[in-house]
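Chemist: I need the structure of the sequence given here:
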Amino acid sequence: MNAQPQALALDDVRIAPAGRVVLTGASLSLAFGEVLVLAGRNGAGKTTLLRIATGLLAPDVGQVLLEGRPLAAHARREVARSLALVAQDSSVPFPFTVEEIVLLGRAPHLRGFGFESREDRRIAGACMERLGIGALAQRSILELSGGERQLAMIARALAQTPRILLLDEPVAHLDLAHRLALEELLRALAHEGKAVLLVSHDLAGAARVADRIALLAGGRIVACGAAREVLHADLMREVFGVDALLVETSEGPVVVPRRAG
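Modeler: Below you'll find the predicted structure:
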């Protein structure tokens with residue numbers, strides 16, 4: 001039996017927009033059924049890597065494989081049906097309702113005149129309920145808190161019914177209860193066979209949710225493995241420039257940092 005291809009793979013990706021070197025040879029793979037967390041300093045290139053993974057940016061060197069085929073070989077609608085991105089900044093300038101925002105996730109699946117079907121609305125409703133925002137369906141997106149808006153954007157991504165989900169700092173605006181609920185959701189999605197890649201500065205949360213953590217520094221992935229393999233003092237100093245005490249818990253190591261030197 002042939003092995004299932006990786007969900008997503010970046011092979012020796014390099015990019016230097018406007019002459020500023022961001023990625024110098026980053027390689028990373030994401031498997032179906034896995035939650036992979038990408039961490040690194042601000043400005044390390046994490047968002048750039050996600051944008052390359054979705055085809056929003058083209059690397060100067062290297063390639064991206066989507067389910068074993070070059071990303072460029074896939075039609076854009078095919079990519080949108082396979083892969084969904086929740087961006088770090090998802091501002092919406094118009095007073096769409098939450099339901100209308102989530103229904104935008106069904107766009108890659110629309111046929112004919114492009115009107116949503118009863119099934120599209122059922123899927124959107126189920127995604128809102130799964131994120132705990134069903135009661136907000138008819139509220140304007142402009143009336144919501146930052147955390148509620150973020151949950152709406154995640155629901156929109158789920159409404160695409162993607163096999164691969166990429167999230168850029170998804171917990172940035174969420175309170176602790178919603179962070180934990182989102183972690184449970186991401187684990188559930190992986191259990192359902194989806195591939196999940198998220199950028200996060202929350203190393204404690206990463207240790208709870210991730211199958212693997214990839215650390216990005218100097219334009220490349222310097223380590224990738226289970227939390228206990230990569231969240232140690234030497235790598236914390238190399239990647240984040242901090243000394244750190246690693247405290248072992250039943251859910252994995254917790255990083256207690258202090259400034260180096």
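
Chemist: Regarding this structure, what is its longest helix?
Modeler: helix 176-191 (DSSP state H).

Chemist: Please state the offset of that helix from the chain centre?
Modeler: 13 Å (CA atoms, centre = their mean, to the nearest Å).

Chemist: Please report how far residue 154 lies from residue 135.
Modeler: 16 Å (CB to CB, to the nearest Å). Every residue, glycine included, has its C-beta placed from N, CA and C.

Chemist: Neighbour count: these two, which is higher?
Modeler: The residue with more neighbours, out of residue 154 and residue 135, is residue 154; 26 against 10, by other CB atoms under 10 Å.

Chemist: Okay, and the beta partners of the residue nearest to that one when sequence neighbours are not counted?
Modeler: In space, residue 154 comes closest to residue 86 once its chain neighbours are excluded; the distance is 5.5 Å by CB to CB, 6 or more residues apart in numbering. Residue 86 forms beta bridges with residue 167, as assigned by DSSP bridges.

Chemist: what's the burial count for residue 118?
Modeler: 7.

Chemist: gap between it and residue 125?
Modeler: Taken as CB to CB, the span from residue 118 to residue 125 is 10 Å.

Chemist: which residues touch the helix or strand just after the longest helix of the chain?
Modeler: As assigned by DSSP states H and E, the chain's next helix or strand after helix 176-191 is strand 195-199. Here strand 195-199 makes contact (CB atoms under 8 Å, 6 or more residues apart in numbering) with 7-8, 30-39, 46-47, 50, 53, 88, 163-170, 186, 189-190.

Chemist: And the pLDDT at the residue nearest the centre of the chain?
Modeler: Among the residues of the chain, the one closest to the centroid is residue 167, at 2.1 Å (CA atoms, centre = their mean). Reading off the confidence values, residue 167 has pLDDT 97.

Chemist: Leaving aside the residues adjacent along the chain, what's closest to residue 216?
Modeler: Once flanking residues are discounted, residue 216 sits nearest to residue 40: 3.7 Å by CB to CB, 6+ apart.

Chemist: Neighbours of that neighbour, how many?
Modeler: With other CB under 10 Å as criterion, residue 40 counts 20.

Chemist: For it, which residues are in contact?
Modeler: Per CB under 8 Å, 6+ apart, neighbours of residue 40: 46, 215-217, 239-240.

Chemist: Roughly how far does it sit from residue 28?
Modeler: 12 Å.

Chemist: and if you look at residue 159?
Modeler: Residue 159 sits 26 Å away from residue 28, going by CB to CB.

Chemist: ok, those two, which is more surrounded?
Modeler: residue 159 (25 against 22).

Chemist: Can you give me the neighbour number for the closest residue to that one other than its chain neighbours?
Modeler: The shortest distance from residue 159 to any non-neighbouring residue, by CB to CB, 6+ apart, is to residue 105 (3.1 Å). By the criterion of other CB under 10 Å, residue 105 has 24 neighbours.

Chemist: pLDDT averaged over stretch 17-26 - what is it?
Modeler: Stretch 17-26 comes out at a mean pLDDT of 91.

Chemist: buried set for it?
Modeler: 22-23, 26 (16 or more other CB atoms under 10 Å).

Chemist: where's that stretch relative to the chain centroid, distance-wise?
Modeler: 21 Å.

Chemist: what's the answer for stretch 18-33, then?
Modeler: Taking the mean of its C-alpha atoms, stretch 18-33 sits 14 Å from the chain's own mean (CA atoms, centre = their mean).

Chemist: mind saving the C-alpha coords of that stretch as PDB?
Modeler: Provided in PDB are the C-alpha atoms of stretch 18-33 (Å, rounded to 0.1, in the frame of the first residue of the first chain):
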ATOM      1  CA  ALA A  18      13.300  44.000  -1.500                       C
ATOM      2  CA  GLY A  19      16.800  42.600  -0.800                       C
ATOM      3  CA  ARG A  20      16.000  41.800   2.800                       C
ATOM      4  CA  VAL A  21      16.800  38.200   3.500                       C
ATOM      5  CA  VAL A  22      14.000  36.600   5.500                       C
ATOM      6  CA  LEU A  23      14.200  32.800   4.800                       C
ATOM      7  CA  THR A  24      17.600  31.300   4.000                       C
ATOM      8  CA  GLY A  25      16.700  27.700   3.500                       C
ATOM      9  CA  ALA A  26      13.600  26.700   5.500                       C
ATOM     10  CA  SER A  27      12.400  23.200   5.200                       C
ATOM     11  CA  LEU A  28       9.300  21.900   7.000                       C
ATOM     12  CA  SER A  29       6.700  19.200   6.600                       C
ATOM     13  CA  LEU A  30       3.200  18.800   8.000                       C
ATOM     14  CA  ALA A  31       1.400  15.500   8.200                       C
ATOM     15  CA  PHE A  32      -2.300  14.700   8.200                       C
ATOM     16  CA  GLY A  33      -3.500  14.100  11.700                       C
END
